[in-house]
Each structure stands twice: as structure tokens, then as C-alpha cells.
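Colleague: My questions concern the predicted model and sequence given below.
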Amino acid sequence: MRQTWRWFGPKDRVSIDDMMQAGVEGVVSALHHVPTGAIWTPEEIAQRQREIGTRKDGRGSSLVWDVVESLPVSEDIKKQKGDWKAHIETWKTSMRNLSEAGLETICYNFMPVLDWTRTDLAWERPSGARCMRFDLIDFAAFDIHILERAGAAESFPDAVVAEAAERFAKMDDARKEQLAGNVVFGLPGAAEKFSLADVKLHLAEYDNISEAQLQQHMIDFLSEVTPLAEELGMRLCCHPDDPPFPLLGLPRIMSTEAHYRKILDAVDLRANGVTLCTGSLGARPDNNPVEIFKALADRVHFLHLRNVSIEGTEVMNSLYEDEHLSGHTDMVAMVAAVVAEERRRKDEGRADWSIPFRPDHGQDILDDIGREAQPGYPAIGRLKGLAELRGLYRAFEHELVAGKA
């Protein structure tokens with residue numbers, strides 16, 4: 001398990017020096033300032049590599065850019081409208097440029113409109129820690145009463161609709177504005193920032209696109225880019241939907257093991273793989289991330305290890321980002337399964353036997369509070385998660401434990 005850390009570039013409040021002190025082995029980054037659909041040039045890629053390789057005082061760091069997250073897939077590609085064919089060619093050009101710079105792993109997603117959705121970005125826990133939260137009642141209030149999406153009320157159970165109306169009636173203007181901003185925040189560091197009007201326009205573009213159609217569009221995209229990835233010796237890995245259930249009337253196509261299996265079987269090349277995110281997949285009670293990993297292990301190219309606690313038994317629930325060893329996913333069993341898969345790959349002689357992982361998200365604790373880092377990406381909270389995961393990994397690798405496996 002190669003220990004990596006997400007970095008959003010020079011504006012990130014968590015620095016290269018911070019990552020080195022955390023004992024990180026590699027960096028997960030992207031060119032967030034490059035507009036979606038534009039080419040990632042060799043010059044821009046090299047600049048990001050230099051930034052990762054340089055400390056604040058100008059000395060070299062020991063870190064390298066290991067994983068790309070994300071090379072964005074444009075809305076035109078997802079909808080197969082407008083410049084979608086040109087955008088695929090651009091994506092392939094960017095992939096070639098990344099390969100020439102020595103990068104081998106590209107994480108991406110195929111979620112329509114928004115890359116992830118939360119209602120709170122700094123929800124206070126009893127300990128005083130802050131975390132991200134998806135509150136189903138707040139989200140329904142946003143969808144029905146703030147966004148005023150046509151047919152929104154039919155997307156939720158009657159009890160949720162009633163509670164949402166009561167909660168919305170008690171919201172002041174500041175909370176309404178905050179809630180709307182949180183919901184449309186999207187991927188931290190992304191170039192796009194959506195207004196409510198933008199969201200409505202984008203949602204309307206998907207009115208006639210079913211789950212099956214969106215799946216076919218993804219298969220068409222992968223049929224174009226995966227053979228090139230295979231030729232270049234690169235690995236493509238799709239991140240699951242976050243959260244993994246339908247929102248805003250949009251189709252969800254990467255929320256379950258069955259969803260992944262359909263895509264992997266349709267484009268059956270090893271380069272077409274999985275970003276196994278235990279937090280996203282673990283956000284619905286009928287998903288077991290450990291068993292999903294075991295089922296798809298041969299094609300898992302990247303791991304996001306985080307945990308969420310679910311508040312209910314339905315597929316659509318409230319949830320919050322818990323500590324890494326707490327929540328829905330049995331993280332001890334997860335790390336044990338990863339170690340077993342790495343041993344299997346090593347025995348096969350695979351060059352990619354060591355699977356990169358990052359301690360995805362984290363609670364704001366101690367001096368994280370007030371640092372104003374990207375939501376979900378504090379320094380100390382992630383360091384705590386990394387230390388816990390590193391401890392598990394080293395325990396399973398130790399001869400006292402490994403000999404009993």
C-alpha cells in the first residue's frame with residue numbers, strides 16, 4: 001500500500017513540507033486551474049511536478065506526483081452533445097502527455113453535474129471536531145424549496161418531504177444561502193463553481209438521459225480511451241458516485257458492485273479499473289466495501305480509505321464523515337483484504353502489486369480548525385487517519401501477524 005496524499009496545488013493550505021512531515025510517499029494532484037475540455041500540456045504537467053518536488057525554502061522534496069485526480073470528463077462527453085468527440089481526443093492527448101511525464105494512474109468520475117454533494121462542510125461533533133455531512137432533510141429542503149426543481153418532492157418519502165418543509169420554514173436567509181453554497185460546492189479545487197441557475201440548466205440537459213443511456217455513454221468513452229491507456233501502460237480508475245444514490249433527478253451509474261461490473265465487463269481491459277472509495281460506497285447500507293473490493297480486486301488501481309456513519313437503513317440516508325476506524329466500513333478487514341490482494345499480485349509478478357491509497361477526507365481537529373483548508377482535507381485530521389491506516393498495514397505485514405494468515 002503506497003501512502004499518498006491529495007494536494008490541490010500551491011494555493012492548498014496544506015503544504016509540501018506538511019506532507020513530508022506526515023511521512024507521505026507520493027502525491028495525488030491535478031491541474032485544477034485548467035478548464036475542463038482543455039489539453040493538459042507538457043509544460044503545465046512539468047510545472048506541477050516541480051511544485052511537488054520543491055519545499056517552501058527551495059530545497060528539493062522527496063515527493064513525486066503519483067496519481068492524477070482528476071482528469072475531468074466533460075459534461076459534453078457524459079451527455080454526448082456539443083464538442084464531446086473533440087473532448088475525447090483532448091482527453092487522450094492529455095493522457096499521452098501525462099504518460100510521457102511518467103504518470104501511470106488516472107482517477108476520474110462520471111457523475112453528472114456535481115462531483116460530490118454535502119449539506120454541511122464543517123459539522124461539529126461532540127468532541128469538537130468538524131466534519132462534512134449529508135443531511136437528507138436539509139438536502140430535500142434545498143431541492144424542493146430553494147432550487148425548486150420540478151418534481152423534486154416525488155424524489156423523497158412523504159415523511160422526508162414533511163420534515164423538509166418544517167425545517168425550511170425555520171431557516172433564515174443566511175442558512176438558506178449557506179446550504180445552497182454547500183450543496184453546489186462540488187469537487188474542492190475544481191475550476192467550475194455553479195450558481196443555482198447554472199445547476200438548473202445543467203439538470204435540464206439530463207432530462208432525457210436514462211441510467212442505461214448514461215452507462216452506454218460511459219462505455220463509449222472508455223472504448224475510446226482505454227485501448228490507448230493499455231498501450232501506454234497506464235491505469236484508469238473510476239471513482240464511485242458520492243453519495244451513491246440518485247439526487248436531483250440525475251441517473252447514478254457507479255454506486256454498486258453491479259454498476260462497476262457492467263462497465264468493467266463492457267470494456268474488458270486491465271487498464272479499465274476502479275477507484276475503490278470506502279466512504280462513497282459505504283454510504284449506503286446495502287454496500288459492503290470490503291466484499292466489493294474482494295470481488296473487483298484484480299481491477300482496483302487506487303484506494304480512497306475513509307469512513308462514514310449512516311443514519312438509517314434505507315438506501316438514501318443522512319450520513320457524516322466519521323473517523324477512519326469508525327463507521328460503516330470495517331477498516332481492519334479492508335486493510336487485511338488489500339494486503340492479501342497485494343501478495344497475490346506480487347506472486348503473479350505484477351508491476352502494479354503495490355496499490356496506492358490515500359487517507360481520504362478527515363475531520364478538522366486541533367489546529368485544523370481555523371486553517372481554512374479545502375473542506376474534508378485538513379492536515380492533522382488526515383494525518384491521524386494516515387497514522388491509523390499505516391499502523392494497520394504494518395501490523396498485517398509484520399511476521400507475527402503475516403505468519404498466521
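Modeller: Received, thanks. In this text the structure is predicted, and so the values were computed from the model without any measurement.

Colleague: Could you pull up phi and psi at residue 28?
Modeller: Backbone torsions of residue 28, given as degrees, to the nearest 10, read phi -110, psi 120.

Colleague: Which residues are in contact with it?
Modeller: Residue 28 makes contacts with 4-7, 66-69, 107, 356, 358, as judged by C-beta atoms under 8 Å, 6 or more residues apart in numbering. From N, CA and C alone the C-beta is placed, and that goes for glycine too.

Colleague: 7 Å instead?
Modeller: The contact partners of residue 28, taken as C-beta atoms under 7 Å, 6 or more residues apart in numbering, are 4-7, 66-67, 69, 358.

Colleague: Okay, and the beta partners of it?
Modeller: Under DSSP bridges, the beta-bridge partners of residue 28 are residue 6, residue 67.

Colleague: ok, back up a step: any chance of the contacts of residue 28 in JSON lines, plus neighbour count and pLDDT?
Modeller: Shown next, in JSON lines, are the contacts of residue 28 (neighbours: other C-beta atoms under 10 Å; pLDDT from 0 to 100):
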{"residue": "4", "neighbour count": "26", "pLDDT": "97"}
{"residue": "5", "neighbour count": "26", "pLDDT": "96"}
{"residue": "6", "neighbour count": "25", "pLDDT": "97"}
{"residue": "7", "neighbour count": "26", "pLDDT": "97"}
{"residue": "66", "neighbour count": "24", "pLDDT": "97"}
{"residue": "67", "neighbour count": "26", "pLDDT": "98"}
{"residue": "69", "neighbour count": "23", "pLDDT": "95"}
{"residue": "358", "neighbour count": "27", "pLDDT": "97"}
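
Colleague: Which of the residues you listed sits closest to residue 270?
Modeller: residue 67 (16.8 Å; C-beta to C-beta).

Colleague: doesn't residue 107 make contact with that closest one?
Modeller: Yes - when contacts are counted by C-beta atoms under 7 Å, residue 67 is listed as touching residue 107 (6.2 Å).

Colleague: Quick check: neighbours shared by the two?
Modeller: The contact sets of residue 67 and residue 107 overlap at residue 302 (C-beta under 7 Å, 6+ apart).

Colleague: lowest-pLDDT helix or strand in this protein?
Modeller: Scoring the helices and strands of the chain by mean pLDDT, DSSP states H and E places helix 399-402 at the bottom, with a mean of 82.

Colleague: what comes into contact with it?
Modeller: With contact meaning C-beta under 7 Å, 6+ apart, helix 399-402 is reached by 395-396.

Colleague: on that earlier part again, for residue 392, state which of the contacts of residue 28 is nearest.
Modeller: Nearest to residue 392, judged by C-beta to C-beta, of those is residue 358 at 14.7 Å.

Colleague: residues touching that closest one, list them.
Modeller: By C-beta under 7 Å, 6+ apart, the contact set of residue 358 is 4-6, 28, 304.

Colleague: try residue 321
Modeller: Residues in contact with residue 321, defined by C-beta under 7 Å, 6+ apart, are 131-132, 279, 306, 308, 361, 363, 376.

Colleague: among those, which are in helices?
Modeller: Of the positions in those, residue 279 sit in helices, assigned by DSSP state H.

Colleague: Let me see the residues that make contact with the biggest helix by length in the chain.
Modeller: Criterion DSSP H: the longest helix present in the chain is helix 211-232. Outside helix 211-232, the residues that touch it by C-beta under 7 Å, 6+ apart are 73, 77-78, 80, 88, 91-92, 95-96, 99, 110, 236, 251, 253, 262-263, 266-267, 269, 271-272.

Colleague: Tell me which strands whatever helix or strand comes next after that helix pairs with, and in which orientation.
Modeller: Sequence order places strand 235-238 as the next helix or strand after helix 211-232, per DSSP states H and E. If you go by DSSP bridges, strand 235-238 pairs up with strand 105-108 (parallel), strand 272-277 (parallel).

Colleague: Might one say that residue 37 is in contact with residue 74?
Modeller: Yes - look at residue 37 against residue 74 with C-beta under 7 Å: they come within range, at 4.7 Å.

Colleague: how big is the angle separating the longest helix of the chain from strand 272-277?
Modeller: 110 degrees (axes from the mean of the first three to the mean of the last three C-alpha atoms, to 10 degrees).

Colleague: Which residues belonging to helix 211-232 are considered buried?
Modeller: Across helix 211-232, burial judged by 16 or more other C-beta atoms under 10 Å covers 214-215, 217-219, 221-222, 224-226, 228-230, 232.

Colleague: how far away is residue 36 from residue 3?
Modeller: Distance, residue 36 to residue 3, using C-beta to C-beta, to the nearest Å: 29 Å.

Colleague: again with residue 235
Modeller: Per C-beta to C-beta, residue 235 is found 18 Å from residue 3.

Colleague: So between those two, which is more surrounded?
Modeller: Taking neighbours as other C-beta atoms under 10 Å, residue 235 and residue 3 compare with residue 235 leading, 23 against 18.

Colleague: Spatially nearest residue to that one, not counting backbone neighbours?
Modeller: residue 301 (4.1 Å; C-beta to C-beta, 6 or more residues apart in numbering).

Colleague: To what extent is that neighbour buried, counted in neighbours?
Modeller: 24.

Colleague: My assumption is that it lies in a helix; please confirm.
Modeller: No - under DSSP: H, G, I helix; E, B strand; the rest coil, residue 301 sits outside any helix and is assigned strand.

Colleague: part of a helix, is residue 386?
Modeller: Yes - assessed by three-state DSSP, residue 386 belongs to a helix.

Colleague: my guess is it meets residue 22, correct?
Modeller: Yes - using C-beta under 7 Å, residue 386 is in contact with residue 22, at 6.2 Å.

Colleague: Have a look at the two and say which one is more surrounded.
Modeller: Per other C-beta under 10 Å, whichever of residue 386 and residue 22 has more neighbours is residue 386, with 22 against 18.
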